[in-house]
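A.B. asks: below is the sequence, then the predicted model.
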Amino acid sequence: MPDTAFFPRGAGLSLNDVSRLTGCEIGEGTDPDLVVTGIGPLDHAAASDLSFFDNPRYADQLASTRAGCVIVAPKHRHLLPAGLASLVTPQVQRAFAAAGRALHPAALTPQPTYGSTGISPQAAVHPTARLEEDVTVEAFASIGPGVAIGRGTIVASGAVIAANCSVGRNCRIGAQVSLSNALLGDRVILHPGVKIGQDGFGYVPGPAGIEKVVQVGRVIIQDDVEIGANSTIDRGAVRDTVIGEGTKIDNQVQIGHNVTIGRFCIIVAQVGISGSCKIGDGVMIGGQAGISGHVTIGDRAQIAATAGLESDVPPGERWGGIPARPVRQWMREIKVLSNLTKRGRAPKVGEDE
Amino acid sequence: MPDTAFFPRGAGLSLNDVSRLTGCEIGEGTDPDLVVTGIGPLDHAAASDLSFFDNPRYADQLASTRAGCVIVAPKHRHLLPAGLASLVTPQVQRAFAAAGRALHPAALTPQPTYGSTGISPQAAVHPTARLEEDVTVEAFASIGPGVAIGRGTIVASGAVIAANCSVGRNCRIGAQVSLSNALLGDRVILHPGVKIGQDGFGYVPGPAGIEKVVQVGRVIIQDDVEIGANSTIDRGAVRDTVIGEGTKIDNQVQIGHNVTIGRFCIIVAQVGISGSCKIGDGVMIGGQAGISGHVTIGDRAQIAATAGLESDVPPGERWGGIPARPVRQWMREIKVLSNLTKRGRAPKVGEDE
Amino acid sequence: MPDTAFFPRGAGLSLNDVSRLTGCEIGEGTDPDLVVTGIGPLDHAAASDLSFFDNPRYADQLASTRAGCVIVAPKHRHLLPAGLASLVTPQVQRAFAAAGRALHPAALTPQPTYGSTGISPQAAVHPTARLEEDVTVEAFASIGPGVAIGRGTIVASGAVIAANCSVGRNCRIGAQVSLSNALLGDRVILHPGVKIGQDGFGYVPGPAGIEKVVQVGRVIIQDDVEIGANSTIDRGAVRDTVIGEGTKIDNQVQIGHNVTIGRFCIIVAQVGISGSCKIGDGVMIGGQAGISGHVTIGDRAQIAATAGLESDVPPGERWGGIPARPVRQWMREIKVLSNLTKRGRAPKVGEDE
């Protein structure tokens, strides 16, 4: 049951509404006019909440839940306790997610931290910045010269948008974000502390020690990208760093100069992608994986968490380990080493001879 | 010898005071009325400083130290040079730490960055925020509507506390911290750049690409928690993310949605904990370890630095490696592989047949 | 071709100028008075741009480039299309980097985010802070009591410099940087979100749970150090944390208390260096490597990306793997395990007996 201080409830939706929205079937004996106003897990949901069940391990929670209605798969219908309203679909998670978005629309995007909209008198907005109507700039945010911001965008407190950046419509620029040398599309969400557009890490050894390579590229963030807290994306050296449409990036991810990432990728927390990598569409990269410079990852490939990837990955393959190799090979190697060790074979063989 | 510009000295303590405070015995020939005003390492300490010795490797530093007094274990007493004042205890580190806290109390918690206390006229404090007496809010900090802050708390410059958050008493909210959807206990320390309460990373594949799962939980931080610079803690999806009493978290740690961490855990820098993990009391997690989603770690278990943990760990066990396994097994496997390689056995065996 | 909104062009340089600056020879048939005003990659450069070629893989790009002039090695001269101006040198990368610095001098260091210089009336500068002439402090930056800042330094919006810190000349303190208990040399660049000088992570187990060790050291950053976005450097416990002259540190690097790093080191993104490590001069540490506490790394040693280093490394050696060992040994072990697995030998041997 969401805390109404943070997630206020609206008028709610009837189960009929939810059914239409999610494609669920109304369960047997369920009143389609019953209204739910929020979502919750089985063990915490209240009578006004919609919940879901998709793991038999939690059958006892289903039996004792106080939720107003539960979304359930056809194969689990027989586990529903008598009198509990239900919505039925084979795709429980997706239906629950869709209902959650409809019941808590304000939670879909970060809200103003100070509760109000418009340009704060305590913000610094350069006279040459061009803001469309309906832009919010909170206190202590700074908008540099020549910056363009599209309508419906919120710039939170303490964010800095440096000279000549462009931000599209309905974006969310979180608290303490720094943006420079960057162009953003529409509906981009940058969570607090994201840093975009600073120098890439480029040096060459020279007679006078370490010599800097100037970084004169940009960062291009396409529509519907979401980037997690404290992630960093460097601008390109002579090319641009590009994040493709709809790609979702978690917290504390590092993306080096000249990297191009395709559309609808999922990049989990603390991943590091070195300079000049080319990542296709629909790629998934697990948490803490590290990608060496100039690596190409094909469309829909998957890189396991904590992998250290040094070579190109063909489309659709799954790689893992350090250095990364196809997951099947990696798993076999782990097993072989484990078996050798358990049997105490290897050292003995050596000693025998 | 601490730089007095940053760590000013007080009247100091007599060795008698230090002895009472730490349980040390006054060393042979030591004047109990001698006063020390600071702490320092053997090779840098001045006559006004207390130092310590617990590693025979540094016996020469002990022989030549200028420290006013040294804390030493009974077994090392014979290494003390003639005329050097001493305090004796089997628990040197703990005694030195206790003396340090008493001699430098201002260094125990972050101090105001601007030198003064009270509400800065350059801060933004929403009229509906409720601040107890003796709260400091520095310039360019922003306190949203409905926020509650307990007495003795300091909110540093550039911090943003979003609508309806609650912060307990004697907390330290560092520069550029972002806090939303969160409730904090007393004496919580958040170092600069910590981001708490932003969206968890939740998506489901859908017909229209990647669909967002709304995140309507909170972050609960219990009393005496300390969180290092630039760490990130996401709010829960339908549950809360919870950090238990007295747990200490280092810099750049990432904690996903719905994670619950018990009491008095130690989590070292750059650790990543994925969504819905359950971590017991007294757990220690080494630097850069990564924990997969939905993993349970039992009380007092220890996870080695850089581990990649994918499965549950029973209470009290020590695990390490990628993927993580009991440390003893991991160490044996490392040795087996190293032996095989040194002997050049394995490839040869293959070729012989 | 750099975006002139972010990287405006100057009068440019003649190829004669570039030749003198970089030591390149003017190519056959090339007009030494031709002027270039920017840099670009072969496939995007315009007639006003200087480009470079050093990888035969891109010979087709060279054949069709629209660049005004290309820097090329003697051995690749024969690949130049007829009529394309060229500059010839065996050290293509270094020459291109030098030309880039000369053509885009403003891109060498971060520029003011708000476009203007001087002390913003929206900044907070304590009356006891001592700023030399020609210092820029942007809106919402806060400069505490007793702070000293040298001429030519820019403090960006939202940065916080706490009491008594000292910053040298011509430094760049990025947006949302936090600085405390720190002394900086000249020409230091801190990218956005860097946090320096907060408490080291020091605790001892005690009867009342986890007891804090006060941290009364400082952070010393020598001349010409550059530190990437969202990196964190803790102050020392009883010693200082020291970063040596000319060392370059990438984004999201974590450096613990008491660490000393020598001169001209390169430390790539997401590296973690635990407390009290001693790192020599000219050391290179690859991305995501983790170094355990109290480890010593000799001059010019190289640590591979993702390594987990637990023991000392002699000068000049290359180590990698988890736990780290000499790279040659690590590579052999990887090969042995891979061979064993491919042959399906090891399990079979076990089964045979």
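C.D. replies: Yep, that arrived.
A.B. asks: just want the angle from the lengthiest helix in chain A to helix C:327-343.
C.D. replies: Ranked by residue count and defined by DSSP state H, the top helix of chain A is helix A:327-343. On the basis of axes from the mean of the first three to the mean of the last three C-alpha atoms, to 10 degrees, helix A:327-343 is oriented at 100 degrees to helix C:327-343.
A.B. asks: packing partners for helix A:327-343?
C.D. replies: For helix A:327-343, the packing partners by 3 or more C-beta pairs under 8 Å, 6 or more residues apart in numbering or on different chains; DSSP states H and E come out as strand A:318-320, helix B:327-343, helix C:327-343, helix C:345-352. Just so you know, the C-beta spots here come from the backbone N, C-alpha and C atoms, and that holds for glycine as well.
A.B. asks: redo the ones you listed as JSON lines? Include distance to C:Gln61, mean neighbour count and mean pLDDT.
C.D. replies: Shown next, in JSON lines, are the helices and strands packed on helix A:327-343 (distance: least, C-beta to C-beta, whole Å; neighbours: other C-beta atoms under 10 Å in any protein chain shown; pLDDT from 0 to 100):
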{"stretch": "strand A:318-320", "distance to C:Gln61": "29", "mean neighbour count": "22", "mean pLDDT": "98"}
{"stretch": "helix B:327-343", "distance to C:Gln61": "43", "mean neighbour count": "18", "mean pLDDT": "92"}
{"stretch": "helix C:327-343", "distance to C:Gln61": "33", "mean neighbour count": "18", "mean pLDDT": "93"}
{"stretch": "helix C:345-352", "distance to C:Gln61": "46", "mean neighbour count": "15", "mean pLDDT": "40"}
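A.B. asks: any idea which of these gets closest to A:Ile261?
C.D. replies: strand A:318-320 (16.9 Å; C-beta to C-beta).
A.B. asks: run me through the strand neighbours of that closest one, direction for each.
C.D. replies: strand A:302-303 (parallel), strand A:325-326 (antiparallel) (DSSP bridges).
A.B. asks: and the contacts of it?
C.D. replies: A:286, A:301-307, A:309, A:313, A:325-328, A:330 (C-beta atoms under 8 Å, 6 or more residues apart in numbering or on different chains).
A.B. asks: now those residues: which count as buried?
C.D. replies: Neighbour-count burial (16 or more other C-beta atoms under 10 Å in any protein chain shown) applied to the contacts of strand A:318-320 gives A:286, A:301-307, A:309, A:313, A:325, A:327, A:330.
A.B. asks: can you redo those residues as a markdown table with distance to C:Gly10?
C.D. replies: As requested, the buried ones among the contacts of strand A:318-320 are exported to a markdown table (distance: C-beta to C-beta, whole Å):
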| residue | distance to C:Gly10 |
| --- | --- |
| A:Gly286 | 46 |
| A:Ala301 | 43 |
| A:Gln302 | 47 |
| A:Ile303 | 43 |
| A:Ala304 | 48 |
| A:Ala305 | 47 |
| A:Thr306 | 46 |
| A:Ala307 | 44 |
| A:Leu309 | 40 |
| A:Val313 | 42 |
| A:Arg325 | 49 |
| A:Val327 | 52 |
| A:Trp330 | 52 |
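A.B. asks: closest to C:Gly290 among these?
C.D. replies: When the buried ones among the contacts of strand A:318-320 are compared against C:Gly290 (criterion: C-beta to C-beta), the nearest one is A:Thr306, at 11.7 Å.
A.B. asks: so who does the spatially closest residue to that closest one that is not a sequence neighbour touch?
C.D. replies: Once flanking residues are discounted, A:Thr306 sits nearest to B:Gly308: 4.0 Å by C-beta to C-beta, 6 or more residues apart in numbering or on different chains. For B:Gly308, the contact set (C-beta under 8 Å, 6+ apart) comprises A:288, A:305-306, B:289-290, B:292, B:321-324.
A.B. asks: in strands only, show me those.
C.D. replies: When DSSP state E defines the strands, the subset of those inside them is B:Gly290.
A.B. asks: let's have the contacts of B:Gly308 in JSON lines, adding pLDDT and distance to C:Glu211.
C.D. replies: Formatted as JSON lines, the contacts of B:Gly308 follow (pLDDT from 0 to 100; distance: C-beta to C-beta, whole Å):
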{"residue": "A:Gln288", "pLDDT": "98", "distance to C:Glu211": "31"}
{"residue": "A:Ala305", "pLDDT": "98", "distance to C:Glu211": "34"}
{"residue": "A:Thr306", "pLDDT": "98", "distance to C:Glu211": "33"}
{"residue": "B:Ala289", "pLDDT": "98", "distance to C:Glu211": "24"}
{"residue": "B:Gly290", "pLDDT": "98", "distance to C:Glu211": "28"}
{"residue": "B:Ser292", "pLDDT": "98", "distance to C:Glu211": "32"}
{"residue": "B:Gly321", "pLDDT": "97", "distance to C:Glu211": "31"}
{"residue": "B:Ile322", "pLDDT": "97", "distance to C:Glu211": "33"}
{"residue": "B:Pro323", "pLDDT": "97", "distance to C:Glu211": "34"}
{"residue": "B:Ala324", "pLDDT": "98", "distance to C:Glu211": "29"}
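A.B. asks: quick one: low-confidence ranges for the stretch 1-150 of chain A?
C.D. replies: Along the stretch 1-150 of chain A, the model assigns pLDDT under 70 to no residue.
A.B. asks: near chain B, which residues of it show up?
C.D. replies: A:2-3, A:5-7, A:38-41, A:44, A:93-94, A:97-98, A:100-101, A:103-104, A:107-108, A:110-115, A:120, A:122, A:138-140 (C-beta under 8 Å from any C-beta of the partner chain).
A.B. asks: and the residues you listed, which of them are in helices?
C.D. replies: Those of the residues of the stretch 1-150 of chain A next to chain B lying in helices (DSSP H): A:93-94, A:97-98, A:100-101, A:103.
A.B. asks: can you select the buried ones from these in PyMOL?
C.D. replies: Selection command for PyMOL covering only the buried members of these, criterion 16+ other C-beta under 10 Å:
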select buried, chain A and resi 93+94+97+98+100+101+103
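A.B. asks: mind telling me what element A:Leu21 is part of?
C.D. replies: helix A:15-22 (DSSP states H and E).
A.B. asks: distance from that helix to the middle of the chain?
C.D. replies: Relative to the centre of its chain, helix A:15-22 is centred 27 Å away, using C-alpha atoms, centre = their mean, to the nearest Å.
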